[in-house]
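[1] Sequence first, then the predicted structure, then my questions.
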Amino acid sequence: MLDYDGEAATYDATRGGEERAGAAAAAVERLLPPAAALVVDVACGTGIVTARLRRPGRTVLGVDRSGGMAAVAAGRLPGRVVLGDAGRLPLAGGRADAVVLVWLLHLLPDAGPVLAEAARVLRPGGVVITTVDKNAAAFGTDSDVARLTAPLREAHGRTPADGHRTVLEAGGRHGLRPTAETGFDGTGQGRSPADWRRAVEAGRIPWATAAGPDGSARLCRDLAALPDQDRPRPQPRYRLLALQRG
């Protein structure tokens, strides 16, 4: 897993910066209850999205387990960022109007405990807002890279904890039902064939690593043979789902 403490200082610049943060915050806002008074952004990272959710009459609390990330976020939201774990939130039950989980569930082996904890802190009628199918977003638009990698992704990709159906099923077990969905573009996140090849060679792509040394090497050769090696392919389109507590 990424060293979030070590990446905190440069994280925003390598993840689409202000433009992507603005798109993400606008998408979250579309799913928030209009009168939401307390919004808890779990795994808030640097707070670049969290800070954009502030409104008159609304309290926004950021929670992150990384001290490095929380320190950066605290500069954006003084007094409104706490260290904490998504599976054990530092909040009494039934307090929050919304819990935001952006780019978190895909990192976990099981979304259930985090969704259960989100449901615990929500008041009746409150919503969980979460990204789903995060890693699939890079291949949602047809491209030569998407076609080339499809066989290995299908053969070796594991069922992700943030898969749409998985999240619906896990949420349903904790009294969370889907109410709305939206999306936003991952500005600046389209990868070129050369970018993908370097990521595979560095062991950062699980489905490529699972193909074994020969499979990974063959994929790298095929990626290197594609045209326009340094041209980014289509940027991802992220899905955002709202689940309401009954």
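    Arrived safely, thanks for sending.

[2] Show the low-confidence segments of the chain, by residue range.
    1-2, 4-17 (pLDDT under 70).

[3] What segments of it are helices?
    Taking DSSP state H as the criterion, the chain contains helices spanning 4-7, 17-31, 67-76, 112-121, 144-156, 164-172, 193-201, 206-209, 212-224.

[4] now R80: how far from Y238?
    Here R80 is placed at a distance of 25 Å from Y238 (CB to CB, to the nearest Å). In this view, the C-beta of every residue, glycine as well, is placed from N, C-alpha and C.

[5] that older thread, out of the helices of the chain, nearest to P232?
    When the helices of the chain are ranked by proximity to P232, the top entry is helix 193-201, at 7.5 Å, counting by CB to CB.

[6] Report the buried residues of the closest one.
    Neighbour-count burial for helix 193-201, with 16 or more other CB atoms under 10 Å as criterion, is recorded at P193, A194, D195, W196, R197, V200.

[7] next one: stretch 30-47
    For stretch 30-47, using 16+ other CB under 10 Å, the buried residues are 31-32, 36, 38-47.

[8] so which of the helices of the chain gets nearest R52?
    Between R52 and those, the shortest gap by CB to CB is with helix 17-31, which sits at 3.6 Å.

[9] how many neighbours does the closest residue to L53 other than its chain neighbours have?
    With CB to CB, 6 or more residues apart in numbering as the criterion, L53 has its nearest non-adjacent residue at 4.9 Å, and that residue is V60. V60: 22 surrounding residues under other CB atoms under 10 Å.

[10] any idea how far V60 lies from V100?
    Note on V60: its distance to V100, by CB to CB, is 9 Å.

[11] Likewise for Q229?
    Q229 sits 37 Å away from V100 when distances are taken as CB to CB.
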